[in-house]
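Peer 1: Take a look and give me a structure for this.
(chains A and B)
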Amino acid sequence: MTNPVTRAEVEDLLFREAALLDEWKLEEWLTMLTPDATYYVPPNDHPEGDPKTTLFILADDIVRIRERIKRLMSPECHAEYPHSRTRRMIGNVRITGTDGDLVSVAANFICYRYRRYERIREYVGSYRHVLKREGHRLLIKERRVIIDAHELGSLGSVSFIL
Amino acid sequence: MSRSYIVDDPVKKRFLLDREALVSQAVLTDEMTRIFAKCWIYVGHSSELKKPNEFVTRKVAGRPVIFIRDGRGDIRCFFNTCRHRGAMVCTEPAGTRRSFKCVYHGWTYRNDGVLAGVPGSEAYRGDFDKKDLGLRSPARFEQYRDFWFLNLSADAPSLRDYLGSATDYIDLIIDQSPSGQMQIVAGAQEYDVAANWKLMVENSVDDYHLPSTHSTWLNYMANSGVKIDRPKEGMVLPTHGLAVDLGNGHFTTDNVNFRGRPVAAWIPIYGEEAKPEMDAIRSELVARLGPERAKRVCDTNRNLVIFPNLVLNDGSSVTVRTFFPDGAGKMHVTAWAMGPVEESEAARARRLDAFLTFYGPGGFATPDDVEALELVQQGLANWQDDRWTEMSRGMGREGEQLNSDEHHLRIFWRKWSQMMETG
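Peer 2: Residues are numbered from 1 along each chain as shown, chains lettered A, B, ... in the order given. Okay, here's the model as predicted:
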């Protein structure tokens, strides 16, 4: 790669992504993804599993990511209408590997979620993104969200983009 | 419980449920003794324990248990409780162990339950005998075609008698496998719902709610190229479907498929490349089972409830779903995917992908079910002022009962009510 990715650049991307997701600007968030992007939430008992052989919570290709956003923006998406309020804190950002124009990054997150008068739910875990350098832009090719809770349990549904 | 919580009036064709049944802690306490301690309750599937000495731990009917294949290969179930002072002897969710050593005083049990070691055992005199102090098992522990259930009552009927004609519908699922062997796939979906557990029974078979609760899922299917016909006059759903009473409180829906089925009804989401293999799967079924039975396997969807709390969905994929109350207004749900052991890598991947189109806490439908159930529970805060839930739909219907009516919900509540009243 002629133009090595810096941690500051990765942080900018993750912080922007967090802001767009928290603000429910999901169409704009889509523009941060490559045309073949994937989004995974593995099950709590197999955080390193492969969606081809393991039942995930969520395993979307780009087509399903787009369909998911259509669903999330519909008032008929009962689980997210009215939308949850979420607030993400991201830290411990690391570049964990590079392979040609691909960069693997890891970051810790806490996502606080408020919804319909109920008590706060805290999703704690790590993001494992694969980013792709395209010209001077950095795009998200894969995002894997690993939840630390032993079981999803009290967190309930992952009905928003985590 | 001395009074009834249902009003079941065949003359006026009305069925009402007292909402106290869904909010009361006293009712839940009775349920634990009159239902969960009397019925056969699902523990796990043989395929979760592939090799000798493999185990999983889980909570079943509020009891922490160890579900294990012992060193000789026999599947057993133990209460995860030390006979000495009561500590849980196994703290791992799953693994391989020949023995379990209690961390408190070091009592050690073989994986067939026998108490093998007691530190300082010479201090015990009189009639203390290690032979009497093996890990306790539930009163009964039996299986039907690798589905293992426990029963806390020694005088319960056999599992086979309890399941009765529900076995026909379990068999129909297992028929997907050429060798008659299905397996639980790695990865459990666990989620809590802030609602009474009985609402999940209703929701799992209630096809009336599909068009309104799951319109975004129907849109997703339509966007992906699935042709969904508008329901004909007098129908709520695109295809004809039944609600079937299987006796003993068990029941199922049984409807003509209009969505994709990994075995073996192709839809565009599966991709063009899936067609030849799915055709081959169907051909194998026809050759093995005959055209009529193969059509049952491939072209019907069924949501089966084994009373009180096991649901086998055979629809967008096969799910094994069980749930337990955690207070009157909360439940904990566990769901697994199930597929034939001989399934190819591609077919397995397709099955898991299809599962996620609908089911689970990240699916396109289940989160809206969770929402609906939680809205019910929140609405029920008014139960004293608005006491009765209306469940009469289809009650006057002669002949076959529709999946979009409430016949099967009434079957559940009648059985529940009978067990709660007679204790």
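
Peer 1: Just the pLDDT at whichever residue of the stretch 101-250 of chain B sits closest to chain A, thanks.
Peer 2: The nearest approach of the stretch 101-250 of chain B to chain A comes at B:Gly187, 3.6 Å away (CB to the nearest CB). C-beta coordinates here come from the backbone N, C-alpha and C atoms, glycine included. Per-residue pLDDT puts B:Gly187 at 95.

Peer 1: Walking through the stretch 51-200 of chain B, point out its helices one by one.
Peer 2: Along the stretch 51-200 of chain B, counting by DSSP state H, counting those that start in this stretch, helices occupy B:159-163, B:166-174, B:197-205.

Peer 1: do you know how far the closest residue to the residue of the stretch 101-250 of chain B closest to chain A other than its chain neighbours is from B:Ala349?
Peer 2: In this structure, B:Gly187 finds its nearest non-sequential neighbour in A:Leu55, 3.6 Å apart by CB to CB, 6 or more residues apart in numbering or on different chains. Distance, A:Leu55 to B:Ala349, by CB to CB, to the nearest Å: 11 Å.

Peer 1: the more surrounded of the two?
Peer 2: Using other CB atoms under 10 Å in any protein chain shown as the criterion, A:Leu55 and B:Ala349 rank with A:Leu55 on top: 30 against 18.

Peer 1: What count of nearby residues applies to the nearest residue to A:His83 once chain neighbours are set aside?
Peer 2: Computed as CB to CB, 6+ apart, the closest residue to A:His83 that is not its neighbour in sequence is A:Trp24, at 5.4 Å. Close neighbours of A:Trp24, defined as other CB under 10 Å, add up to 19.

Peer 1: Can you read off the pLDDT for A:Trp24?
Peer 2: A:Trp24 is assigned 98 on the pLDDT scale.

Peer 1: Now do it against B:Thr334, distance only.
Peer 2: Distance of A:Trp24 to B:Thr334, computed by CB to CB: 31 Å.

Peer 1: For residue 16, give me its contacts.
Peer 2: Picking chain A for this. Contact analysis of A:Arg16 by CB atoms under 8 Å, 6 or more residues apart in numbering or on different chains lists A:Met32.

Peer 1: my bad, chain B
Peer 2: Each residue near B:Leu16 by CB under 8 Å, 6+ apart is listed here: B:Ile6, B:Val7, B:Trp388, B:Thr389, B:Glu390, B:Met391, B:Ser392.

Peer 1: tell me which residues form a beta bridge with the third one?
Peer 2: Just to be clear, that refers to B:Trp388. On the basis of DSSP bridges, B:Trp388 is bridged to B:Asp18.

Peer 1: my read: it touches B:Leu17, true?
Peer 2: Yes: between B:Trp388 and B:Leu17 there is a contact under CB atoms under 8 Å: 6.8 Å.

Peer 1: Need the overlap of contacts for these two.
Peer 2: Common contacts of B:Trp388 and B:Leu17 (CB under 8 Å, 6+ apart): B:Val7.

Peer 1: And these two? Which one has more around it.
Peer 2: Comparing B:Trp388 with B:Leu17 by other CB under 10 Å, the one with more neighbours is B:Leu17, at 23 against 14.

Peer 1: Touching, the more buried one and B:Tyr5? I think so.
Peer 2: Yes: here B:Leu17 lies in contact with B:Tyr5, judged by CB under 8 Å, at a distance of 6.5 Å.

Peer 1: neighbours of whichever residue of the stretch 1-150 of chain B sits closest to chain A, just the number please.
Peer 2: Of all residues in the stretch 1-150 of chain B, the one sitting closest to chain A is B:Pro93 (6.5 Å; CB to the nearest CB). Residues within reach of B:Pro93, counting by other CB under 10 Å, total 14.

Peer 1: same question, the one 5 residues further on
Peer 2: Here the number of neighbours of B:Arg98 (other CB under 10 Å) works out to 12.

Peer 1: I'd like the distance between it and B:Arg136.
Peer 2: In this view, B:Arg98 and B:Arg136 are 19 Å apart by CB to CB.

Peer 1: Low-confidence regions, the chain specifically.
Peer 2: Assuming you mean chain A. For chain A, applying pLDDT under 70 flags the ranges A:1-2, A:117-119, A:150-154.

Peer 1: My question was about chain B, not that one.
Peer 2: Applying pLDDT under 70 to chain B picks out residues B:1-2.

Peer 1: what sits against the residue nearest the centre of it?
Peer 2: Centroid-nearest residue in chain B: B:Leu310, 2.4 Å away (criterion: CA atoms, centre = their mean). The contact partners of B:Leu310, taken as CB under 8 Å, 6+ apart, are B:Ile41, B:Tyr42, B:Val320, B:Arg321, B:Thr322.

Peer 1: which secondary structure element contains the third one?
Peer 2: Which is B:Val320. strand B:318-325 (DSSP states H and E).

Peer 1: From the rest of the structure, what touches that strand?
Peer 2: Strand B:318-325 has contacts (CB under 8 Å, 6+ apart) with B:28, B:31, B:36, B:42, B:45, B:59-62, B:173, B:176, B:182, B:184, B:193, B:196-197, B:200, B:204, B:309-313, B:331-339, B:351, B:355, B:359.

Peer 1: That one: partners in the sheet, and parallel or antiparallel?
Peer 2: Using DSSP bridges, strand B:318-325 pairs in its sheet with strand B:310-314 (antiparallel), strand B:331-340 (antiparallel).

Peer 1: send the alpha carbons of the first one over as PDB?
Peer 2: If I follow you right, that is strand B:310-314. Only the C-alpha atoms of strand B:310-314 are listed here, as PDB (Å, rounded to 0.1, in the frame of the first residue of the first chain):
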ATOM      1  CA  LEU B 310     -41.000 -26.500  23.300                       C
ATOM      2  CA  VAL B 311     -41.500 -25.100  19.800                       C
ATOM      3  CA  LEU B 312     -40.300 -26.700  16.700                       C
ATOM      4  CA  ASN B 313     -40.600 -24.400  13.700                       C
ATOM      5  CA  ASP B 314     -40.200 -25.900  10.300                       C
END
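
Peer 1: Count the neighbours of the closest residue to B:Asp74 other than its chain neighbours for me.
Peer 2: Distance criterion CB to CB, 6+ apart; nearest residue to B:Asp74, sequence neighbours excluded, is B:Asp112 at 7.5 Å. Neighbourhood size, B:Asp112 [other CB under 10 Å]: 17.

Peer 1: Comparing the helices of the stretch 51-200 of chain B, which comes out most buried?
Peer 2: helix B:197-205 (a mean of 23; mean count of other CB atoms under 10 Å in any protein chain shown).

Peer 1: quick one: that helix to strand B:310-314, angle?
Peer 2: Going by axes from the mean of the first three to the mean of the last three CA atoms, to 10 degrees, helix B:197-205 is angled at 20 degrees with respect to strand B:310-314.

Peer 1: Would you mind listing the buried residues in stretch A:46-63?
Peer 2: By neighbour count on 16 or more other CB atoms under 10 Å in any protein chain shown, the buried set for stretch A:46-63 is A:Pro47, A:Gly49, A:Pro51, A:Thr54, A:Leu55, A:Phe56, A:Ile57, A:Leu58, A:Ala59, A:Asp60.

Peer 1: Check which element follows the top helix by length along chain A along the chain.
Peer 2: In chain A, assigned by DSSP state H, the helix with the most residues is helix A:7-22. Moving toward the C-terminus from helix A:7-22, the next helix or strand (DSSP H and E) is helix A:26-30.

Peer 1: my read: the residue nearest to B:Asp74 touches B:Arg76, true?
Peer 2: Yes: when contacts are counted by CB under 8 Å, B:Asp112 is listed as touching B:Arg76 (6.7 Å).

Peer 1: Alright, I will stop here.
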